[in-house]
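J.: A structural model of the following input is requested.
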Amino acid sequence: MLPYWVPAAALLLPATASSCLGEGYLHQQLCQAWEQKRSEGVLQWTESELPALEVLEGPTAMVVQLAPNRGQKRSLNATINSTRLPFDDQRFHFGKVASAEVLLCFNPWRQTACHHTETSNTCHWPKYADLSTGDRCEEEQAMVIVNKHPICRNHFLLVPRGEQPQVLTLEALMLGLAFGLRGSKRLWLSFNTIGAGASVNHLHLHGFMAGFGTEPMDFPLERYLDFPALLPAATSRGPVSLWRTPRQWPLCGWVFEWTDNRALEIDSTLAERRLAEFVHAFVKTLQVLDLAHNVIIRMSHRQVIVFPRKTLFEQSKDVTELQVSGHEVLGWWVVARKEHALTGVEAEARLQQAQLPRSAQQKVLKALEWIGWTLKEEAKFLCDTQFPTVA
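T.: Below you'll find the model as predicted:
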């Protein structure tokens, strides 16, 4: 007998969509809708024509993935020295996408108290994910749209309701955590500020998995995201611990981790809200300081990683240029040109090039203490250059 949340339509899935089953209701709905859009030609994804992933030499074992369709995406078409831009309705934004690009609507606040742990999941009821969009989800909290130039299978954009600039709000972060907790355990989400990889100034998060989709794979950073590789950064504050990525990783990141599994067994929404509040307090200080940042959501491990970094506009004019965005801070380099010639040394150097200058790093340390973290002395080190520079 099939689980009661599997619709009859799942029995008719083509072979390419077989990975849609077995990872929960939200993953199944997203995957089926994505495959349907692919079959209709709404997005371009020719996995069988792409070469194998290339693992680069070097201690970090970074990965190169060729995605030639990324050379067709929109560029920001501007060189700006700030992460804060006013929303401009005259430029492209996600309110202008065709209805055919909408995968589903998402509203976790329709959900009654539920819990999502390793052994139990009552968050699978279809109250929060609706495939009958019809419109652009105006009455819901967010719409989920296809990425027309995907990096991997099921690559999507989570777009909160309203026309807002690409500045992460507490509500948008909560939506990202809620989506991550209810989705596949292989799912990651990322937020990139202007100057940190964002090419559209409209509030959104990317959702993706490692690899080409069906085979589970790890991002290179993952081996540094668990104890004992992670460095304890501060005294824990209730259910949230703060860690720091080790010196072996070229770009310094701060890892917020939810550690209270009992709360997840009572109501996952409580954990989503509290973790979002802790993370956003830090993000808000980066916004005030006008420091670019990438925010990575890894809810399979109840972690949110924040990378304060330099403002860079590698793709401001040419989207085929190498850039440091959400995938790249995870060590997964997406290239649009076959003749990229990226080496392990260069990948590490490019990532380290996004490191903040020492004066800005000092501000980040002070900001963490200002919002309530008692930092350990061994976590106050500055990220000095230890990788070759890129010409």
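J.: secondary structure element holding S190?
T.: strand 188-192 (DSSP states H and E).
J.: looking at the chain, which helix or strand is least sure?
T.: strand 129-130 (a mean of 59; mean pLDDT, DSSP states H and E).
J.: circling back to that earlier point, who touches the strand holding S190?
T.: With CB atoms under 8 Å, 6 or more residues apart in numbering as the test, strand 188-192 has contacts from 158, 166, 168, 172-173, 176, 179-180, 198, 204-210, 219, 294-298, 325-327, 330. Every C-beta, even on glycine, is put in place using the N, C-alpha and C of the backbone.
J.: among those, name the ones in helices.
T.: Counting by DSSP state H, those place A172, L173, G176, F179, G180, G326, H327 in helices.
J.: OK, contacts around the closest residue to the fifth one other than its chain neighbours?
T.: With CB to CB, 6 or more residues apart in numbering as the measure, M299 is the residue that lies nearest to G180, at 3.3 Å, once sequence neighbours are left out. M299 makes contact with L177, G180, L181, G183, L187 under the criterion CB under 8 Å, 6+ apart.
J.: which parts of the stretch 1-150 of the chain are helices?
T.: 25-39 (DSSP state H, counting those that start in this stretch).
J.: show me the shaky parts of it.
T.: 1-19, 47-51, 70-79, 111-136 (pLDDT under 70).
J.: now the helices for the stretch 201-350 of the chain?
T.: So, for the stretch 201-350 of the chain - with DSSP H, counting those that start in this stretch - the helices run 261-266, 268-289, 326-329, 344-353.
J.: ranking these by burial, who's on top?
T.: helix 326-329 (a mean of 25; mean count of other CB atoms under 10 Å).
J.: distance from that one to the middle of the chain?
T.: Its chain's C-alpha centre and that of helix 326-329 lie 9 Å apart, by CA atoms, centre = their mean, to the nearest Å.
J.: export it to CSV, keeping only CA atoms.
T.: The C-alpha coordinates for helix 326-329 follow below in CSV (Å, rounded to 0.1, in the frame of the first residue of the first chain):
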residue,chain,number,x,y,z
GLY,A,326,26.2,30.6,-3.0
HIS,A,327,27.6,27.5,-4.8
GLU,A,328,31.1,28.7,-4.8
VAL,A,329,31.3,29.4,-1.1
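J.: what helices or strands is it leaning on?
T.: strand 188-192, strand 292-298, strand 332-335, helix 344-353 (3 or more CB pairs under 8 Å, 6 or more residues apart in numbering; DSSP states H and E).
J.: I'd like the average pLDDT over it.
T.: On average, the pLDDT along helix 326-329 is 94.
J.: can you check stretch 370-381 too?
T.: On average, stretch 370-381 scores 95.
J.: please begin residue numbering at 773 from this point
T.: Okay, using 773 as the starting number, the last item reads as stretch 1142-1153.
J.: how far does that stretch stretch from start to finish?
T.: 17 Å (CA to CA, to the nearest Å).
J.: counting neighbours, what do you get for the nearest residue to E910 once chain neighbours are set aside?
T.: Spatially, and ignoring its direct neighbours in sequence, E910 is nearest to R933 (7.1 Å; CB to CB, 6+ apart). R933: 20 surrounding residues under other CB atoms under 10 Å.
J.: ok, now which ones touch R933?
T.: Contact analysis of R933 by CB under 8 Å, 6+ apart lists C909, E910, E912, Q913, A914, M915.
J.: count the neighbours of the last one for me.
T.: To tie it back to what came earlier, the one meant is M915. Around M915 there are 26 residues (other CB under 10 Å).
J.: contacts only, for it.
T.: F866, V874, L876, C877, F878, T905, R908, C909, V931, R933.
J.: check contacts around the residue lying closest to it once chain neighbours are set aside.
T.: The shortest distance from M915 to any non-neighbouring residue, by CB to CB, 6+ apart, is to C909 (3.8 Å). Neighbour list for C909: V874, C877, F878, M915, R933 [criterion: CB under 8 Å, 6+ apart].
J.: how about a cut-off of 10 Å?
T.: V874, L876, C877, F878, N879, D902, M915, V916, I917, V931, R933 (CB atoms under 10 Å, 6 or more residues apart in numbering).
J.: quick one: the first one from F928, how far?
T.: Spatial separation of V874 from F928 under the definition CB to CB, to the nearest Å is 10 Å.
J.: have a look at the two and say which one is more surrounded.
T.: Neighbour totals were compared for V874 and F928, and F928 leads with 26 against 23 (other CB under 10 Å).
J.: my read is that the more buried one contacts I917, right?
T.: Yes: the criterion here is CB atoms under 10 Å, and F928 meets it with I917 at 6.6 Å.
J.: shared neighbours of the two, anything?
T.: K809, E873, L875, L876, H976.
J.: what's the most distant pair in the residues you listed?
T.: K809 and H976 (17.3 Å; CB to CB).
J.: okay, these two: which has more neighbours?
T.: Using other CB under 10 Å as the criterion, K809 and H976 rank with H976 on top: 24 against 20.
J.: would you list every one of the strands in the chain?
T.: Along the chain, counting by DSSP state E, strands occupy 826-827, 835-838, 874-878, 901-902, 914-918, 928-932, 960-964, 977-980, 1003-1004, 1012-1016, 1026-1030, 1064-1070, 1075-1081, 1104-1107.
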